[in-house]
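A.B. asks: Below is the structure, and that's it, no one-letter string:
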């Protein structure tokens, strides 16, 4: 059975981040999505958002967790964006 692409949800997520994700980074993320590199797109988004000092609300973090899991990624790679103190 073929997995359905998470690209539409990732695009929606990136759009919802708005100006917190710099325009150039947003373009890079969308380019990776166009090449079906879903996890890489999420990693680039996370790195760029973190470097820009962006933060996530709890609901945004939950959406990111679901997307990373759907793509088969390691959540530890995204810890820097957790909206709450790490334990």
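C.D. replies: Everything's here; your move. None of the values given here were measured: they were computed from a predicted structure.

A.B. asks: What residues does the residue positioned nearest the centre of the chain make contact with?
C.D. replies: Geometric centre of the chain, nearest residue: residue 42, 3.6 Å, by CA atoms, centre = their mean. When contacts are counted by CB atoms under 8 Å, 6 or more residues apart in numbering, residue 42 touches 10, 64, 67, 68, 71, 73, 78. Where you see a C-beta, it was placed from the backbone N, CA and C, and this is true even at glycine.

A.B. asks: JSON lines for these, including secondary structure?
C.D. replies: Formatted as JSON lines, the contacts of residue 42 follow (DSSP: H, G, I helix; E, B strand; the rest coil):
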{"residue": "10", "secondary structure": "helix"}
{"residue": "64", "secondary structure": "helix"}
{"residue": "67", "secondary structure": "helix"}
{"residue": "68", "secondary structure": "helix"}
{"residue": "71", "secondary structure": "helix"}
{"residue": "73", "secondary structure": "coil"}
{"residue": "78", "secondary structure": "helix"}
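
A.B. asks: Dump those into JSON lines; add distance to residue 48 as well.
C.D. replies: Shown next, in JSON lines, are the contacts of residue 42 (distance: CB to CB, whole Å):
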{"residue": "10", "distance to residue 48": "14"}
{"residue": "64", "distance to residue 48": "14"}
{"residue": "67", "distance to residue 48": "16"}
{"residue": "68", "distance to residue 48": "16"}
{"residue": "71", "distance to residue 48": "17"}
{"residue": "73", "distance to residue 48": "16"}
{"residue": "78", "distance to residue 48": "13"}
